[in-house]
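Asks: show me how the following folds:
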Amino acid sequence: MTHVGDPQTAAEQADEARRPASAPTSRLTQYARGGGCACKIPPGELEAVVASLPGASGTPLASNGLVVGLEHGDDAAVVRIEGGRAVVLTTDFFTPVVDDPYDWGRIAAANALSDVYAMGGTPLVAVNLLAWPRDLLPLELAREVLRGGLDVTSAAGCHLAGGHSVDDAEPKYGLAVTGIADPERLLRNDRGRAGVPLSLTKPLGIGVLNTRHKATGEAFPAAVEAMTALNADASRAALAAGAECATDVTGFGLLGHLYKLARASGVTAVVDAAAVPYLDGAREAVRAGHVSGGTRRNLAWVEPHTAWGPHVGEEDRLLLADAQTSGGLLVAGEVPGAPVIGELVARGERTLVVR
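Replies: The predicted model follows:
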């Protein structure tokens, strides 16, 4: 043990030299190139990476019990277990979307839990995933991030115990989550049917508001409230209404996730652009140029598969492709209290129609 007055070791001296004289304690978003789910690998590139992996082509893996795997890009893996139940497994982590560490922890936890809800499951236990630039940011901030995650998982009735941490150049946080579900009552990407309406349980615009926050430091409490809201009630309502098909709207934007759903289900999705709800300030953020690279890549990915109505301009297209973080559920079916934004119809020339 080194006592007061003892000379520092060479390692301690080097460690101290790397630390700034006064470590900054704010603007977490400035320590990451991007933010939140906008940092996802672009969907087209990701699909090319996993295309040759076993199970990605739609052919089930040899192991019995895997109900949902890589086939259609669902939100989580599902494995059937004894007793007529299924285990739901997912993980999600990302760089800061807001400067407040506690809020970031809450947002990241809600986002990770959402993948279980999007499959129609209930989260049971989670573990932390933390990457932290310990030479740049005080560990007290990391504690606040973890506290935020703990508060949200507690509200969800999900245990949070342990996890893994690494020293990294950028701060990142999220969870690996295990849940349980009825394998006969899952919400899946490939269960959409023609003639069914589309419901959206949270407004869009989170991505452009987060991008504006990162650029200007402006706070958007309504965006934080939306991101920290659990999708538990929406999931239960969808199941109660008899829905079989759903996904959550995150980094690939509404159109990206809807394209995957419609493609997997063999239908065309029609979106009524005027019916889509947005957070206050979202359109102003787009007009001011606060559009992430992830959003533009999302739009480029769906463009070849989309028929646009004559009144759907660039602003609407960007908002519909906006990379969300901890967005709502997109459900094939009517969910009480959620706006209907379109419908699924028989497969046409294009997979998406926006009118």
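
Asks: per-residue pLDDT, residue 69?
Replies: pLDDT recorded at residue 69 is 69.

Asks: same question for residue 45.
Replies: Reading off the model, residue 45 has pLDDT 72.

Asks: which parts of the one helix or strand residue 341 maps to are buried?
Replies: Using DSSP states H and E, residue 341 falls within strand 340-346. Neighbour-count burial for strand 340-346 flags 341-344 (criterion: 16 or more other Cβ atoms under 10 Å). The way it works is simple: take the backbone N, C-alpha and C, and place the C-beta from them, glycine included.

Asks: tell me where the stretch 201-350 of the chain has helices.
Replies: 206-216, 221-228, 232-240, 253-265, 282-287, 293-302, 314-320 (DSSP state H, counting those that start in this stretch).

Asks: related to what we said a few turns ago, of the buried residues of strand 340-346, which pair is most distant in space?
Replies: 341 and 344 (11.6 Å; Cβ to Cβ).

Asks: shared neighbours, the two?
Replies: Contact criterion Cβ atoms under 8 Å, 6 or more residues apart in numbering; residues shared by residue 341 and residue 344: residue 198.

Asks: now distance to residue 134 too, for the helices of the stretch 201-350 of the chain, in JSON lines please.
Replies: Shown next, in JSON lines, are the helices of the stretch 201-350 of the chain (distance: least, Cβ to Cβ, whole Å):
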{"stretch": "helix 206-216", "distance to residue 134": "22"}
{"stretch": "helix 221-228", "distance to residue 134": "26"}
{"stretch": "helix 232-240", "distance to residue 134": "34"}
{"stretch": "helix 253-265", "distance to residue 134": "34"}
{"stretch": "helix 282-287", "distance to residue 134": "33"}
{"stretch": "helix 293-302", "distance to residue 134": "27"}
{"stretch": "helix 314-320", "distance to residue 134": "37"}
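
Asks: mean neighbour count and mean pLDDT for those helices - can I get that in TSV?
Replies: Formatted as TSV, the helices of the stretch 201-350 of the chain follow (neighbours: other Cβ atoms under 10 Å; pLDDT from 0 to 100):
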stretch	mean neighbour count	mean pLDDT
helix 206-216	25	96
helix 221-228	19	98
helix 232-240	20	98
helix 253-265	25	96
helix 282-287	20	98
helix 293-302	22	96
helix 314-320	19	98
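
Asks: which of the ones you listed sits closest to residue 64?
Replies: Of all the helices of the stretch 201-350 of the chain, helix 253-265 comes closest under Cβ to Cβ, at 22.4 Å.

Asks: residue 219: how many residues sit nearby?
Replies: 14 (other Cβ atoms under 10 Å).

Asks: model confidence for it, exactly?
Replies: 95.
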